[in-house]
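Engineer: here is my input, please return the structure:
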Amino acid sequence: MGARTWIEGWPVYRQLTGTDPLGRGTAAESPRSAELIDRTATADRVAKSVCPYCAVGCGQNVYVKDEQVVQIEGDPDSPVSRGRLCPKGSASKQLVTGPHRQEKVLYRAPYTREWRELDLDTAMDMVTERVIQARDRGWEDLDHKGNRARRTLGIASLGGATLDNEENYLIKKLFTALGAVQIENQARI
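Structural biologist: As a prediction, the model looks like this:
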């Protein structure tokens, strides 16, 4: 490699002699980075989403190729975050594609020590049956004074502050529809 070739490959030389005097574009670009293709450019589609980490509700663009998430970025159309994401939101792709993601339901029956895998439909049916049983066991048509109550004391809800307003609203509606009266949120305690 000659001295001239080495100097022309130097970013400062390209910055001073080229069309990028501030060094923010082609002057700072290496030959390797010039060949790279952005993951978002090859995506089949973009799905709009909301970051799941906190209650702010930052908008996200989820880039999908061959039905696999290839990139998650801030949504510039979001009035909440205007395209910005915190470090956790920027790393939220790992929630979908990370190797530590749980993809199976583990169930440990009462009085046993071993866990066994269940398919999601079976696990959801078990949860539904137990909610209905708890609701029926604690159901009160009338209170202690004989007034109509139509409520259950067999179910209670304690929500988390990491959910956004819409999620908390839907949880409140669900538990109210089930007849629960003990509905609380961590943020109020």
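Engineer: could you use CA atoms for every contact and neighbour count after this?
Structural biologist: Will do.
Engineer: my read is Ser157 is in a helix, agree?
Structural biologist: No: using DSSP: H, G, I helix; E, B strand; the rest coil, the assignment for Ser157 is strand, not a helix.
Engineer: could you double-check that it lies in contact with Ile183?
Structural biologist: Yes: at 4.7 Å, Ser157 counts as touching Ile183 under the criterion of CA atoms under 8 Å.
Engineer: what residues are shared contacts of the two?
Structural biologist: Counting by CA atoms under 8 Å, 6 or more residues apart in numbering, the contacts common to Ser157 and Ile183 are Phe175.
Engineer: by mean pLDDT, point me to the weakest helix or strand of this protein.
Structural biologist: Counting by mean pLDDT, DSSP states H and E, the weakest-scoring helix or strand in the chain turns out to be helix 3-8, with a mean of 60.
Engineer: buried ones in whatever helix or strand comes next after that one?
Structural biologist: Scanning forward in sequence from helix 3-8 by DSSP states H and E, the next helix or strand is helix 11-17. Within helix 11-17, the residues that count as buried by 16 or more other CA atoms under 10 Å are Pro11, Val12, Arg14, Gln15.
Engineer: would you map the helices across the protein?
Structural biologist: If DSSP state H is used as the criterion, the helices of the chain fall at 3-8, 11-17, 31-35, 87-90, 93-97, 120-137, 165-178.
Engineer: please produce JSON lines containing those helices, extended by distance to Val105.
Structural biologist: Shown next, in JSON lines, are those (distance: least, CA to CA, whole Å):
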{"stretch": "helix 3-8", "distance to Val105": "58"}
{"stretch": "helix 11-17", "distance to Val105": "53"}
{"stretch": "helix 31-35", "distance to Val105": "42"}
{"stretch": "helix 87-90", "distance to Val105": "25"}
{"stretch": "helix 93-97", "distance to Val105": "16"}
{"stretch": "helix 120-137", "distance to Val105": "6"}
{"stretch": "helix 165-178", "distance to Val105": "22"}
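Engineer: which of those helices has the lowest average pLDDT?
Structural biologist: Mean pLDDT per stretch puts helix 3-8 lowest among those, at a mean of 60.
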